[in-house]
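In: here is a sequence together with a model predicted from it:
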Amino acid sequence: MKLYLIEHIRKVETFSEGKIIGITSTKEKVVKEYKKKIGFKKYKNGFKIKRMVLDKSYHGKGIKSWYKKGSEKNSSL
């Protein structure tokens, strides 16, 4: 079975805001529906679709920081 992780990222001036829409087997239908909703209509190109494999790890290399250099001190987790 094919599964897809659907996210939406909107970039507003100095920051980016991301939302996970969900995991689905019908990626086109979900994106088509969300492009009509308030908050997504203005940012129709913000959808990111990633094909996923069940029972596969996607964080083998650890966690990446989203902060720009110098704006936040690194902390170890």
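Out: Cool, got the structure.
In: output the contacting helices and strands for the helix or strand bottoming out on mean pLDDT in the chain.
Out: In the chain, no helix or strand scores lower on mean pLDDT, DSSP states H and E than helix 27-34, which sits at a mean of 83. Judged by 3 or more CB pairs under 8 Å, 6 or more residues apart in numbering; DSSP states H and E, helix 27-34 is in contact with strand 3-12, strand 15-24, strand 47-52. Every C-beta, even on glycine, is put in place using the N, C-alpha and C of the backbone.
In: Lys32 is nearest to which of those strands?
Out: strand 47-52 (10.1 Å; CB to CB).
In: residues making contact with that closest one?
Out: 2-9, 21, 23, 27, 31, 34-35, 58 (CB atoms under 8 Å, 6 or more residues apart in numbering).
In: so which of the residues you listed is the closest to Tyr43?
Out: Proximity of the contacts of strand 47-52 to Tyr43 (CB to CB) peaks at His8, which lies at 7.2 Å.
In: quick revisit: what's the most distant pair in the contacts of strand 47-52?
Out: Lys35 and Tyr58, at 25.8 Å, using CB to CB across these.
In: between those two, which has more neighbouring residues?
Out: More crowded of Lys35 and Tyr58, by other CB atoms under 10 Å: Lys35, with 15 against 9.
In: ok, and the closest non-adjacent residue to the more buried one?
Out: Closest residue to Lys35 apart from its sequence neighbours, by CB to CB, 6 or more residues apart in numbering: Lys44 at 5.1 Å.
In: can I assume the one you found sits in a strand?
Out: No. If the criterion is DSSP: H, G, I helix; E, B strand; the rest coil, then Lys44 is helix and not within a strand.
In: one step back: point out the most buried one among the helices and strands packed on helix 27-34.
Out: Most buried of the helices and strands packed on helix 27-34 by mean neighbour count (mean count of other CB atoms under 10 Å) is strand 3-12; its value is a mean of 15.
In: alright, that wraps it up for me.
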